[in-house]
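1. Next input, structure requested:
(6 chains)
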6 protein chains.
Amino acid sequence: MGKKEYAALALGEILLRLSTPNNERIVRGDTFQKCAGGAELNVVSGIAALGLRTGIISKVPQNDLGVFVRNHIRFCGVSDDYLVYDKSKNSRLGIYYYENGAYPRKTSVVYDRAYSAINSLTVDDISEDVYSSTRLFHTSGISLALSKELRENVVEIIKKFKENGTKISFDVNFRANLWTEEEARETIETILPYVDILFASEETSRKMFKKTGDLKDVMKSYTTEYGVEIVATTERTIISPKKHHFNSIIYNAKEDCYYQEKPYENIEVVDRIGSGDAYVSGVLYGLLQYDSCEKALQFGNVVSALKNTIPGDVLSTNLNEVTRIMEEHSGQRAASELNR
Amino acid sequence: MGKKEYAALALGEILLRLSTPNNERIVRGDTFQKCAGGAELNVVSGIAALGLRTGIISKVPQNDLGVFVRNHIRFCGVSDDYLVYDKSKNSRLGIYYYENGAYPRKTSVVYDRAYSAINSLTVDDISEDVYSSTRLFHTSGISLALSKELRENVVEIIKKFKENGTKISFDVNFRANLWTEEEARETIETILPYVDILFASEETSRKMFKKTGDLKDVMKSYTTEYGVEIVATTERTIISPKKHHFNSIIYNAKEDCYYQEKPYENIEVVDRIGSGDAYVSGVLYGLLQYDSCEKALQFGNVVSALKNTIPGDVLSTNLNEVTRIMEEHSGQRAASELNR
Amino acid sequence: MGKKEYAALALGEILLRLSTPNNERIVRGDTFQKCAGGAELNVVSGIAALGLRTGIISKVPQNDLGVFVRNHIRFCGVSDDYLVYDKSKNSRLGIYYYENGAYPRKTSVVYDRAYSAINSLTVDDISEDVYSSTRLFHTSGISLALSKELRENVVEIIKKFKENGTKISFDVNFRANLWTEEEARETIETILPYVDILFASEETSRKMFKKTGDLKDVMKSYTTEYGVEIVATTERTIISPKKHHFNSIIYNAKEDCYYQEKPYENIEVVDRIGSGDAYVSGVLYGLLQYDSCEKALQFGNVVSALKNTIPGDVLSTNLNEVTRIMEEHSGQRAASELNR
Amino acid sequence: MGKKEYAALALGEILLRLSTPNNERIVRGDTFQKCAGGAELNVVSGIAALGLRTGIISKVPQNDLGVFVRNHIRFCGVSDDYLVYDKSKNSRLGIYYYENGAYPRKTSVVYDRAYSAINSLTVDDISEDVYSSTRLFHTSGISLALSKELRENVVEIIKKFKENGTKISFDVNFRANLWTEEEARETIETILPYVDILFASEETSRKMFKKTGDLKDVMKSYTTEYGVEIVATTERTIISPKKHHFNSIIYNAKEDCYYQEKPYENIEVVDRIGSGDAYVSGVLYGLLQYDSCEKALQFGNVVSALKNTIPGDVLSTNLNEVTRIMEEHSGQRAASELNR
Amino acid sequence: MGKKEYAALALGEILLRLSTPNNERIVRGDTFQKCAGGAELNVVSGIAALGLRTGIISKVPQNDLGVFVRNHIRFCGVSDDYLVYDKSKNSRLGIYYYENGAYPRKTSVVYDRAYSAINSLTVDDISEDVYSSTRLFHTSGISLALSKELRENVVEIIKKFKENGTKISFDVNFRANLWTEEEARETIETILPYVDILFASEETSRKMFKKTGDLKDVMKSYTTEYGVEIVATTERTIISPKKHHFNSIIYNAKEDCYYQEKPYENIEVVDRIGSGDAYVSGVLYGLLQYDSCEKALQFGNVVSALKNTIPGDVLSTNLNEVTRIMEEHSGQRAASELNR
Amino acid sequence: MGKKEYAALALGEILLRLSTPNNERIVRGDTFQKCAGGAELNVVSGIAALGLRTGIISKVPQNDLGVFVRNHIRFCGVSDDYLVYDKSKNSRLGIYYYENGAYPRKTSVVYDRAYSAINSLTVDDISEDVYSSTRLFHTSGISLALSKELRENVVEIIKKFKENGTKISFDVNFRANLWTEEEARETIETILPYVDILFASEETSRKMFKKTGDLKDVMKSYTTEYGVEIVATTERTIISPKKHHFNSIIYNAKEDCYYQEKPYENIEVVDRIGSGDAYVSGVLYGLLQYDSCEKALQFGNVVSALKNTIPGDVLSTNLNEVTRIMEEHSGQRAASELNR
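-> Numbers count the residues shown, from 1 in each chain, chains lettered A, B, ... in the order given. All right, here's what the predicted structure looks like:
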């Protein structure tokens, strides 16, 4: 495998996120905070924050909202070379509305993503050179769920990356408001033979894939059944909307080895959105940069915990900060109170 | 005509409006100001601000955005009794993005209104008692332009109101991004025989309806050709995005009389959106309350001028303020600097 | 009892609330957040949020502040048909200033409510039809405390509602800065024979009414002594300004039965103001809609807990959200993390 | 006259000012901007901004609002040594609400100042040393208008300052919402014999004092009738709420001389409140620092013009900025675009 | 010792503080919150908040930033009589950038204080009368660390205050980014013979001064070795960036007595900056006002705990609030929920 | 000349800009708006907004402020490949503070740029490939003025670009607070022989370069004396801080031709900073894209006029908007009111 321009490329929808300030409700108030996000963008921007070159394949309307997204992507240090603009008259950017919870009130999300530009993305929108330009390609179940048309194109794109020797990373990311568990399982089963790195929650494995038994066996089964190399499963404990614990397990099939560390406990959650995507970005960074599941686990856990403390969808950090927290967590470094 | 519950009901789409603060651009910045608006809501909320009971017929999604709109309508003093909720899964609220101009930069609007809930509004969504509940029904060309399905329903609704002896008010409000001039003309010509009060710009009369000759003759022609009773045409002079002049002419067919007064000059424009709708509300208020074209003209001009100074789509004022400005403008009252 | 227009009407002062943002102090900073509130408005707006028709009887100045209150009431879905405007020259709206605490700093309130418009409210301000228009009338000790003039009128209004077969709900809501315990007891004792549903804290029962013994006996004594039907007492445990537990007991005299459930613990308090009023609204909703003390208890507890997480005085929620939290709390429904 | 601690002391009410942001209306929106102001505080803070030591005599409630005012006074560089705190239970700070106009909408002010703490200020609240501590004492007609009780005390205080050889400055500042022209004239005529420097508008001179003839004669008449030394009259031309011209005339009786210069034209008004008070501060600064009516005129005009461009009641500037603008205005200095 | 004008004067740098709102990152976002702070200003403003007269000796640039600092100092009730203005061309105000943490993210500070105006402060900038004007002089190790030039001047100033019989208070306040432990120890050891009241953390005593053994012995050793009268050491336990415990010990050499009380636990931290300085201000207030180490301990602990709940560098409180919390903490007063 | 990666590269300092909101003063208020800017960055970001690939050569501190600048550059679509990070301990980012004027108050700028990281930029910081990577190199007199060390390096860099056949663009941009006219002239005269495209104001030509006679002759003299190819001079008329006229002249030596068009009049100035740099970007865009001085003139004028209406340093626009305004200005297109 020669030198590739990108460490990672991802494909996925980018949404305008409109959040209420503080704990204001969507149904009231005079302002929204605006930013952009989306599961796959969150992943590649997380990897970029840690220092690797990444890009996003997506489609946005040819209007000011599309330009806002483009500017935002660049701000995150992600390449927009594969951002496609939709010139059709009614093209629109998907939106989601977000308000923060506080026990007993739930954090709440309202989607307005139907008919969005990404659904018209086709293989033909993307130049052929993309398939040989990256070491890793990532997407998630959301990209398969949005519409049948998009699903077919994404499946074809996955295959083309695979043919070019690109590692395939896939996060199941099941969303019940987009498709049924059955639709999801049928589609994803056709994808799994191409997947090298799989992110699946325990609930998904048990409910969607009907897997039973011990969690470790469940994780391992993906490697034996579909040839997946690495399987990662997160464990999030919700104490309240403002307090979580976080941990994860990674299974490496080649080594037949499970990786675990002590959890991050009592995370002070500022904005939970994107913490799962941040986990993916940390794991992929560990694999891309160190080819080590131990590093993948540590980076995955720390950046996921850290993301919960950062407003917006996107992880804003740097390698220095992440390493310091990771070392304090593992006890390699004395705890300090302030960065100064 | 017995006593009706409402002075005026209007039918039209209600949009979420997202504006950039100050002169920030849509493609940048961290916040949007949020409010609701829409040509027909603007009209009835203007009439309500002056003291008459009004309501809006519209359809919004059954989610937090729909509730935001409902709350906003109530805040404006407009009845939401005829607001219909769309429970379909992908139902959405139309949106428009707005940024303020400053010469030589134009004020700019980006629409994201395709596929919105209003398009599924049908005659069956509305209870039959509505047709006898109001003295006046108002809608605009936008409601006809949004989709073919909606157009047919709106035409039928207009006819039903007319059959019940309701005055019909119609604002042509041509929007080139929604339909062509030809489509518009064909549709509107079928409506005009039902219209009692018509709002049409000179440009629309000449370009869409191919009328020629002196403006006064152009206006009068609607009354002779279609039986319209009252025709109002505004004259807005754009000095810059922050400075306008405003005036209008009203023609009354029964009296065969044209009404005019001196223009409002050097209006300090804060937010131009909805000033045309405010004009309509002032005219309709003058007709409903005083049955006088002179009052209609004066109220139309003053509230349109005033609306330009108020942020958001909706006229926020009261009869006292409006009367004072009107009297200073007409010279009946000495000019004062401050209200205190 | 025939069909009434309103499920509930309340009488009480409405104040302008000026809050500092975040944890800023009143003595510093450049902005206040503005909203309206007041114990009785909070109650009826809470009932309205759950879906019943309610209104408020109050008096505000005939100026922009009065209009702000009117707009706010409507936004909450409460009828302003019985809002009276005070045209006297020095009429004023009562104000309170609010800043959020954080342990060891207390949440702090500064009142500026003397001489406010409500004090001039008389029986003559209210049309006679009001007394037969509602199933339930609610007020609180604050309305009795504000001034002697108002007190006499409120007592008369209570009697007139009672005569018309309206259920009377009364929240003792003792405020030491408005009157003494003795004044309060004397007045309230003359009211209690008219009260059907009584809200009294344990502290009030013991200190003001000098009741002794077990809390349950204390509660029951109101029913035996004064003929009250239902007595509700809340139990709030203040861990810190940002963390509370909440629970309550309801006693139903007819059934001679006490209702209780497990507490809401570790409530993440965003804004504590109005959570007591929200409790009243939940209880009254349960009684009005289901005629069930069990429902009253559950709705009272959940909406009180929920209110603590919502900025401002007023409960902003809907039946759907409340039911979901209630069912998760009671174990009828699996806990979820996010609403999406 | 020995060296005094203060160049100027003023007596007057200090109000909390609550303004809507941008051009938002008082009846809507979520925030108020908070500051403090009041005609006489504005005058002494203006003088302080130019470099002289000043103080304010006033009374505020003994609560957080009183402390806010104290902090604000200090921020302005004005001494709070003579600020008196009112400990009575219902003591309150006067408030005014403010919204910006834009043609044809007027700038608007709503007062809520009845029953405020200043009304309980008495001669006994002030220590005797104050009367010999300042070169100049200033107050305005507002302090006489607020209540009869206050009026009597203020008159006595004026006399005591006068007896101690202090120069007395008085701004008529007639407010029709506080008292009638007749009440005002009767009271002020008893004051005028003590006044050294008088600020009266042409309208006030003609309407309240029934003076007729040429403006210069009108001004001079105060000096011949009451022994006033200096009379200043401003001329403000309101092009629109956002554009004013400003000029003034000063008459010096000793010199029997009128001072005038060319007007400031097309002032870009950001916040008009306090520009009259700023004028007074500029004139008094010119007299106190240079004992020159020419300087007084120039300083008065420039700081009044400048105040219009500064948000809030209070002039925020420094001698350097003022001098530069003054010199450009008079042609002594070439115009520059930017300060850098 | 006769009556002095000031209870306390401090010398130290004043910085512009630029903070991100909420938990936003410095590397993103559109706004900074601006205030002023600095270890020694924080100390004297804390003492002023409790009611004693204090002042600050410092040097700021002769530009708008210098004026901002001056205004801010006055707002805090601290005298700016000894504020020196630096007129040199490149004079600058030191800055620090601040962002709030949330576990596992650290609170973070970025300094930009090199080359700031304070470094040019010399003994000659200060008038001789200062040395006899105050009962107590306070400074910290930061003032010694900023530059060699400043260090020499500060040492001389300390000596001059001491010679005039002023009590000397010194907070070691070691900052590793300004100097090394060795530099610090060498310098501070030459100062200690002049110090009456010493604030040193346990870590500093052990690491910098190489002290060993029991903490109480460590504290006492300063009194035996250098003649310090009072030594205070704080104990802060960091549960997370949003939750701290706080306690302290004070040793009084004359009495040979240690003072301690129960800790403030689970402090809800809003802004941790300045809580150490607030502790110093509370201790000094207790000593200056009551000459009591018990009061010093209680005031020190409560205002430090309280400061953590207040945004910005500076303690904003009053004696009344502090006393109430102190009494509730010590059990002298029943706990209440709200101040109203 | 083969195909280069960049259309234009510029070298210059990037500053943090801190602006007061609305017309607030630097010496007051609670917030600053933060963005980044700098004469040369403004130029290349303007060219990038119009669609060409550009980059910036600069040096920033290796801390969060440096990262903020990097993110901002990327957001503007400018390459940060040649951004150098300064790791030295006291490295700092230059800052400027900005407040908006309103007649008679001047727009005001306070600099804090001494000792900033850019001053340590050397030829060795930049990789050699840069010199052949761009069609055009731009810098301004500011880069020469900041320090002697930087000056020498910039001169060397200019020569290296020139040697590689790169077009050299230079904007004199004289800043009296950075160097004297004499220093500037001496330095710039050594540069001029390398310059192809020169931007010099009439004032600079006359005062610094002592040129006399008609403006056109003055402009031409640079081409005859130093071999400059193209000379551009802007004409800005300041009606007030909120209203400007703008025009310019371009002289092309090869064609011996002067280009002019009618001015943009009554520009509604929102933020004047960077409008000169925007002019440069428009001219360079016209030359790079069309090799036409007519286009250069038109683009220069329109984007400069447009920039005045956009907050911040940087031009935010696109080719479509610019072209539309340009065509309306030249009469090729009918004027419209709104973009929708």
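
2. Give me the most central residue, chain A.
-> For chain A, the residue lying nearest the average C-alpha position, counting by Cα atoms, centre = their mean, turns out to be residue A:277 (3.0 Å).

3. was I right about that residue contacting residue A:43?
-> Yes: contact status for residue A:277 versus residue A:43: in contact at 5.0 Å, counting by Cβ atoms under 8 Å. C-beta here means a position set from N, CA and C on the backbone, and glycine is covered the same way.

4. which neighbours do those two share?
-> Listed contacts common to residue A:277 and residue A:43 are residue A:171; contacts here mean Cβ atoms under 8 Å, 6 or more residues apart in numbering or on different chains.

5. picking up where we left off before, dump the residue contacts of the residue nearest to the centre of chain A.
-> Under the criterion of Cβ under 8 Å, 6+ apart, the contact list for residue A:277 reads A:39-40, A:42-43, A:46, A:171, A:307, A:313.

6. same check, this time on residue A:109
-> Applying Cβ under 8 Å, 6+ apart to residue A:109 gives the contacts A:96-98, A:273, C:338-340.

7. ok, what's across the strand from it?
-> Under the criterion DSSP bridges, residue A:109 forms beta bridges with residue A:98.

8. same deal with residue A:237?
-> Residue A:237 forms beta bridges with residue A:245, as assigned by DSSP bridges.

9. what's near enough to touch it?
-> By Cβ under 8 Å, 6+ apart, the residues touching residue A:237 are A:244-246.

10. how far away is it from chain C?
-> With the distance defined as Cβ to the nearest Cβ, to the nearest Å, residue A:237 ends up 10 Å from chain C.

11. Let me see the backbone angles for residue A:295.
-> Backbone torsions for residue A:295, taken as degrees, to the nearest 10, come to phi -60, psi -40.

12. how about the helices in the stretch 1-150 of chain A?
-> Counting by DSSP state H, counting those that start in this stretch, the stretch 1-150 of chain A has helices at residues A:39-49, A:64-75, A:141-145, A:148-163.

13. For those, could you give me CSV that also reports mean pLDDT and mean neighbour count?
-> What follows is the helices of the stretch 1-150 of chain A, written out as CSV (pLDDT from 0 to 100; neighbours: other Cβ atoms under 10 Å in any protein chain shown):
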stretch, mean pLDDT, mean neighbour count
helix A:39-49, 98, 29
helix A:64-75, 96, 23
helix A:141-145, 98, 25
helix A:148-163, 98, 18
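
14. Any idea how many residues pack against the nearest residue to residue A:272 once chain neighbours are set aside?
-> For residue A:272, the nearest residue in space outside its immediate sequence neighbours is residue A:308; the separation is 5.7 Å by Cβ to Cβ, 6 or more residues apart in numbering or on different chains. Neighbour count of residue A:308, defined by other Cβ atoms under 10 Å in any protein chain shown: 26.

15. ok, now how distant is residue A:308 from chain B?
-> 20 Å.

16. Also residue A:236?
-> From residue A:236 across to chain B, the span is 25 Å (Cβ to the nearest Cβ).

17. re the thing from before, compute the inter-axis angle for the helix or strand hosting the residue nearest to the centre of chain A and helix A:39-49.
-> The secondary structure element spanning residue A:277 is helix A:275-290 (assigned by DSSP states H and E). Taking axes from the mean of the first three to the mean of the last three Cα atoms, to 10 degrees, one finds helix A:275-290 and helix A:39-49 inclined to each other by 40 degrees.

18. Return the set of buried residues in helix A:275-290.
-> Neighbour-count burial for helix A:275-290 flags A:275-289 (criterion: 16 or more other Cβ atoms under 10 Å in any protein chain shown).

19. re the thing from before, sort out which of the contacts of residue A:237 are buried, if you could.
-> Burial by neighbour count, judged by 16+ other Cβ under 10 Å, picks out A:244, A:246 from these.

20. Just send the contacts of residue A:237 back as a markdown table, with distance to residue C:4 and pLDDT too.
-> Formatted as a markdown table, the entries for those read as follows, by distance: Cβ to Cβ, whole Å; pLDDT from 0 to 100:
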| residue | distance to residue C:4 | pLDDT |
| --- | --- | --- |
| A:244 | 48 | 97 |
| A:245 | 51 | 98 |
| A:246 | 53 | 98 |
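
21. just the contacts of residue A:237 now: which is nearest chain D?
-> Nearest to chain D among the contacts of residue A:237 is residue A:244, at 30.5 Å by Cβ to the nearest Cβ.

22. The closest residue to residue A:55 other than its chain neighbours: how many residues sit nearby?
-> The shortest distance from residue A:55 to any non-neighbouring residue, by Cβ to Cβ, 6+ apart, is to residue A:79 (3.6 Å). Other residues lying near residue A:79 total 18 when counted by other Cβ under 10 Å.

23. One more: the one 5 residues further on?
-> As a burial measure, the neighbour count of residue A:84 was computed by other Cβ under 10 Å and equals 18.

24. Isn't residue A:298 up against residue A:326?
-> Yes: in this structure residue A:298 lies within contact range of residue A:326 using Cβ under 8 Å: 5.4 Å.

25. how far away is the nearest residue in space to residue A:135 that is not next to it in sequence from residue D:41?
-> With Cβ to Cβ, 6+ apart as the measure, residue A:4 is the residue that lies nearest to residue A:135, at 4.9 Å, once sequence neighbours are left out. Here the criterion is Cβ to Cβ, to the nearest Å. By it, residue A:4 lies 69 Å from residue D:41.
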